[in-house]
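Trainee: My questions are about this predicted structure, shown below with the sequence.
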Amino acid sequence: MFFWRSRERGCLLAVFFPTSTPCPKAEVFVTGLKKPDTAEVTSGSGLVPGKGTPTRGRVPSIHAPRPTPLKSVFARRREAMAAMFLPGNLQDEATCSVCLEFFKDPVSIECGHNFCRACIIKSWKDLEMDFPCPQCREVFQQKSFRPNRQLANMAEIISQFALRGAKGAEEDGLCAKHREALKLYCKDDRRTICVVCDRSREHRPHVVVPVDEASEEYKEKIQGRLDFLKKERQELLEFKVNDDKKTQELLKTIENERQKLLVEFEGLRQFLHDQEHILLGQLEKMEKSIAKRQNENISDLSKEITLLNKLITELEEKIQQPMLEFLKDVMSIISRSDDVKSHKPVPVCTDMKMHVCNFSLKTVVLEKVVKKFKENLRDELGRGEKEDLTLDPESANHLLILSADLKSVRMGCRKQELPDNPKRFDTNSRVLASTGFKSGRHYWEVEVGASDGWAFGVARESVRRKGLTQFSPEEGIWAVQQNGGRYWAVTSPQRTPLCLSQKLNKVRVYLDYEGEEVSFYNADNMQHIFTFNVAFQEKVFPLFSVCSTVTYIKLCP
């Protein structure tokens, strides 16, 4: 049994909650006692010994059925009915007057009123003295409150009892408070209510509609969101399919490029192997020719030497003979020695030197070709990543109109009201890119209109922005242009006409800062257009010019 002081001071409430059953049995007594002597109260009796039987009213006991593993509809209804028969003042007495919720960690202050600990602390937070009771406004000189554990237990039991009943009522479509059918929907509180709730002060200013109307309205909203989400899902699925398809196509392209690369290098290796085999064969042939000639010369020389050795021996023996014997056939020997003439073969070095020299020329040419090939291949394959350029609006002439993404430029019919600044071209219809370069290798692609009136290239950072200036290397500009139906390289002192096999649609610009080159290629077939050789001394920026309203320039992504 629990006691606590009523909101109406001087009224004491006692509640019995037997805890032996899951669903409590509640008995409520109202007495005139101010402060109960709990030590003399017999638990569960509602009587105070020595005081007699007080005048009081008893609320009939409520016995809820013992819960079963699976509650029936009737059991839930009985619980809801039990909760509904809890006296309203009993629920009020278990409610904090500050937060209007069931007590949480209740405490009692000196006047006897009870509040949640957090509520009273918050109420007195900014006060240093004169602490009033939030309910009766009695003032105290110091903060003082004590826990009320009996009230805490009682509030917990009542809140669980009320919650169980409310849930059962709502499951049966009935208002937990008034036991009326839930036929209305409060848009402000976002919950169903009964007709009695609708007429109450709480819901009087709220927007209330019938449940079927609210259900239809929210069904339409949910259906709209459902349709939108399904559409989003379908778009994502289509995007996924398309993205997967494009990814597979891209992977297939990469594989094709890999195979092409392997074929090209295999062909290159085979070509080099064949050329190596031919050249080594020529060297081997020359070696064999030299060896053969050398052997022939050695054979001929050996015969000549043998003949000379024989004649020399003969003459040496003859000259040693006695006089009479010596004179017998001296003329014959002299005649034979006079007839002897040695035949020297053509020297091997003289005959084959020319062939070796000619082959050496091939080696020199091969060295030059291979060196140039390596340089060209390294240059072409090592030009770096493609630059993602944007146009610099602060440098654009007043006549030029830039796209929102700063990727394209065209010429307008009248000047725009733009603030002047040192970077802006005030006379020439030009614009620079936002990014400049002072080292490395870079390239970008430019899409051009079919009509006359465009030019682009690179310009040094210090290029003149004010006044009329010419396109020329002397002005720090290296560019190509279309003018008069022809393509030109802007060289000095005169422009250089460009002979191209097809009309330009997209041009690739290569910048090799350390290599001192600016090159232009037709991006569609990689035909070389023109190359400027420039010893750069400062930072350079891509430059673009449009001087006709019927053409444009666009930076390719």
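Mentor: Alright, I've got the coordinates.
Trainee: now the helices for the stretch 151-300 of the chain?
Mentor: Here the stretch 151-300 of the chain has its helices, by DSSP state H, counting those that start in this stretch, at 195-199, 211-319.
Trainee: Same question for the very next helix or strand once past the last one: list its buried residues.
Mentor: Translated: helix 211-319. Once helix 211-319 ends, the next helix or strand along the chain (criterion: DSSP states H and E) is helix 323-328. For helix 323-328, a neighbour-count test (16 or more other Cβ atoms under 10 Å) marks nothing as buried. Bear in mind the C-beta positions are built from the backbone N, C-alpha and C, glycine included.
Trainee: Identify all contacting residues around the helix or strand that helix 323-328 is followed by.
Mentor: Per DSSP H and E, the first helix or strand lying C-terminal to helix 323-328 is helix 330-339. Outside helix 330-339, the residues within contact range by Cβ atoms under 8 Å, 6 or more residues apart in numbering are 311, 314-315, 318.
Trainee: Mind doing that once more with 10 Å?
Mentor: The contact list for helix 330-339, computed with Cβ atoms under 10 Å, 6 or more residues apart in numbering, reads 308, 311-312, 314-315, 317-319, 321, 326, 329.
Trainee: what angle do the very next helix or strand once past that helix and helix 211-319 make?
Mentor: Sequence-wise, the next helix or strand downstream of helix 330-339 (DSSP H and E) is helix 348-381. When axes from the mean of the first three to the mean of the last three Cα atoms, to 10 degrees is applied, the directions of helix 348-381 and helix 211-319 differ by 170 degrees.
Trainee: on contacts alone, who are the packing partners of helix 348-381?
Mentor: Packing contacts for helix 348-381, counted by 3 or more Cβ pairs under 10 Å, 6 or more residues apart in numbering; DSSP states H and E, involve helix 211-319, strand 506-512.
Trainee: 7 Å instead?
Mentor: Counting contacts by 3 or more Cβ pairs under 7 Å, 6 or more residues apart in numbering; DSSP states H and E, helix 348-381 is packed against helix 211-319.
Trainee: could you give the mean pLDDT of the helix it packs on?
Mentor: The pLDDT scores in helix 211-319 average 90.
Trainee: same thing with stretch 114-122?
Mentor: Per-residue pLDDT values over stretch 114-122 give a mean of 92.
Trainee: cool, and stretch 499-506?
Mentor: What stretch 499-506 shows for mean pLDDT is 90.
Trainee: Alpha carbons of it, in CSV - could you do that?
Mentor: The C-alpha trace of stretch 499-506 is given here as CSV (Å, rounded to 0.1, in the frame of the first residue of the first chain):
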residue,chain,number,x,y,z
CYS,A,499,47.8,22.6,-96.6
LEU,A,500,45.5,20.1,-94.9
SER,A,501,43.9,17.0,-96.3
GLN,A,502,40.6,17.7,-94.7
LYS,A,503,38.6,20.4,-92.9
LEU,A,504,39.4,20.9,-89.2
ASN,A,505,36.8,20.0,-86.6
LYS,A,506,38.9,19.2,-83.6
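Trainee: quick one: contacts of that stretch?
Mentor: The contact list for stretch 499-506, computed with Cβ atoms under 7 Å, 6 or more residues apart in numbering, reads 445, 447-448, 487, 522-524, 527, 529, 556.
Trainee: the strands in the stretch 401-550 of the chain, which residues?
Mentor: For the stretch 401-550 of the chain, applying DSSP state E, counting those that start in this stretch gives strands covering 408-411, 430-432, 441-448, 454-460, 477-483, 486-489, 496-497, 506-512, 517-522, 527-533, 540-546.
Trainee: Out of the helices of the stretch 151-300 of the chain, indicate the one that is most buried.
Mentor: Most buried of the helices of the stretch 151-300 of the chain, by mean neighbour count (mean count of other Cβ atoms under 10 Å): helix 195-199, with a mean of 15.
Trainee: Would you reformat the strands of the stretch 401-550 of the chain as a markdown table and include mean neighbour count and distance to F228?
Mentor: Conversion of the strands of the stretch 401-550 of the chain to a markdown table gives the following (neighbours: other Cβ atoms under 10 Å; distance: least, Cβ to Cβ, whole Å):
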| stretch | mean neighbour count | distance to F228 |
| --- | --- | --- |
| strand 408-411 | 20 | 34 |
| strand 430-432 | 26 | 43 |
| strand 441-448 | 19 | 38 |
| strand 454-460 | 23 | 46 |
| strand 477-483 | 23 | 50 |
| strand 486-489 | 18 | 53 |
| strand 496-497 | 10 | 60 |
| strand 506-512 | 20 | 40 |
| strand 517-522 | 20 | 48 |
| strand 527-533 | 15 | 51 |
| strand 540-546 | 25 | 43 |
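Trainee: Could you measure from the residue lying closest to H178 once chain neighbours are set aside over to L366?
Mentor: Leaving aside its sequence neighbours, H178 sits nearest to V196 (Cβ to Cβ, 6 or more residues apart in numbering; 4.2 Å). Remark: distance between V196 and L366 (Cβ to Cβ, to the nearest Å) = 107 Å.
Trainee: Please consider this matter closed, and thank you.
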